[in-house]
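In: Generate a structure from the sequence data that follows.
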Amino acid sequence: MDPVDPRSAAEVHELVEQADALNERGSYEAGLRLAEDVIARSGRDAAPWTTKGWALENLGRVDEAEQAYATALRLDPDSPWAAVGLATVLEKTGRRAEASDIYRMVADRHVPADEQTTDLLEIVGWSCFKTGRNEDAQRLFRRALDLEPGRIAARFDLALALLAGGQAEAALHEYREGLENQGDVASVRAHAAVALEDLTDASRDIEGMDATPVARLLKGVLATPPPDR
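Out: So this is what the prediction gives:
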């Protein structure tokens, strides 16, 4: 097997990060195009396949997203991001038992102190939340926010976990903190749209959770035209 050119690997990593950033801003078509460009260049790397799946999933192309996530897992069976992406698609298409098995596997993953990146903490925390391990989820989300206070996705995930745990006021506080993020407005709106979808799913699954105030807050943000319109 030929050795991997470190310069090429670094370039692929940088391009994947650019595609991820496009997805973060809700520019899923552009994120998809860039991910496909990277795959054409480095198709045996799992990361661009996961990014492709993320874009396709949010474009509503769930069958193609499932194929992309499955390919990523074949290339890197230990990738929690590909695994959770696949679980999300399985859940959306009614295969909840299969999705739960994957979430449980990721939730059981130990995160050593020297591997505690925000990405890993967040994905394991989300898997804990999806398997009913709410206290573990909150702990991991808080640790992610200690490392990166401006991490909107982790902020909204923590808020949802708090809401599911009956801490409505604390949850609203965290949602407002995320929405007041002074960074990229497009990113805030994209995360708000995902947060609303997650809230809707959770309110269906968790008995007694009052999602109305948060839903009103998120819908109000999404109904407001972006500043550049």
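In: just for this structure, where's the confidence low?
Out: 1-7, 182-183, 227-229 (pLDDT under 70).
In: Please name every helix or strand in contact with the lengthiest helix in it.
Out: When the chain is parsed with DSSP state H, its longest helix is helix 185-205. Packing contacts for helix 185-205, counted by 3 or more Cβ pairs under 8 Å, 6 or more residues apart in numbering; DSSP states H and E, involve helix 6-24, helix 152-164, helix 168-179, helix 212-223. C-beta: built from backbone N, CA, C; applies to glycine.
In: who wins for proximity to R142 among those?
Out: helix 152-164 (6.5 Å; Cβ to Cβ).
In: how about the CA coordinates for that closest one, as PDB?
Out: Output in PDB follows, covering the C-alpha atoms of helix 152-164 (Å, rounded to 0.1, in the frame of the first residue of the first chain):
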ATOM      1  CA  ILE A 152     -24.300  26.800  19.500                       C
ATOM      2  CA  ALA A 153     -25.100  23.200  18.900                       C
ATOM      3  CA  ALA A 154     -23.900  22.100  22.300                       C
ATOM      4  CA  ARG A 155     -25.800  25.000  23.900                       C
ATOM      5  CA  PHE A 156     -29.000  23.900  22.300                       C
ATOM      6  CA  ASP A 157     -28.400  20.300  23.100                       C
ATOM      7  CA  LEU A 158     -27.900  21.200  26.700                       C
ATOM      8  CA  ALA A 159     -31.000  23.200  26.700                       C
ATOM      9  CA  LEU A 160     -33.000  20.300  25.300                       C
ATOM     10  CA  ALA A 161     -31.600  18.000  27.900                       C
ATOM     11  CA  LEU A 162     -32.500  20.400  30.700                       C
ATOM     12  CA  LEU A 163     -36.000  20.800  29.300                       C
ATOM     13  CA  ALA A 164     -36.400  17.000  29.100                       C
END
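In: How far away from the center of its chain is it?
Out: 12 Å (Cα atoms, centre = their mean, to the nearest Å).
In: Just give the nearest non-adjacent residue to I123, would you?
Out: Using Cβ to Cβ, 6 or more residues apart in numbering and skipping residues adjacent in sequence, the residue nearest I123 is P80, 4.8 Å away.
In: A153 too?
Out: In space, A153 is closest to H191, 5.8 Å off (Cβ to Cβ, 6+ apart).
In: Now do the same contact list for that neighbour.
Out: E24, I152, A153, F156, G178 (Cβ atoms under 8 Å, 6 or more residues apart in numbering).
In: ok, now which ones touch the closest residue to the last one other than its chain neighbours?
Out: Distances taken as Cβ to Cβ, 6+ apart put R155 closest to G178, at 3.8 Å, once the chain neighbours are dropped. Under the criterion of Cβ under 8 Å, 6+ apart, the neighbours of R155 are L145, E174, Y175, E177, G178, N181.
In: ok, those residues vs Q18, which is closest?
Out: N181 (20.6 Å).
In: ok, that closest one - how many residues close by?
Out: Using other Cβ atoms under 10 Å, N181 is surrounded by 16 other residues.
In: from here on, count from 50
Out: OK, 50 is where the count begins now, so the last one is N230.
In: Against L194, how distant is it?
Out: Going from N230 to L194 by Cβ to Cβ, to the nearest Å gives 12 Å.
In: got the angle for the longest helix of the chain vs helix 201-213?
Out: Using axes from the mean of the first three to the mean of the last three Cα atoms, to 10 degrees, the direction of helix 234-254 lies 30 degrees away from that of helix 201-213.
In: Helix 234-254: how far from the chain's middle?
Out: So, by Cα atoms, centre = their mean, the centroid of helix 234-254 is 11 Å from its chain's centroid.
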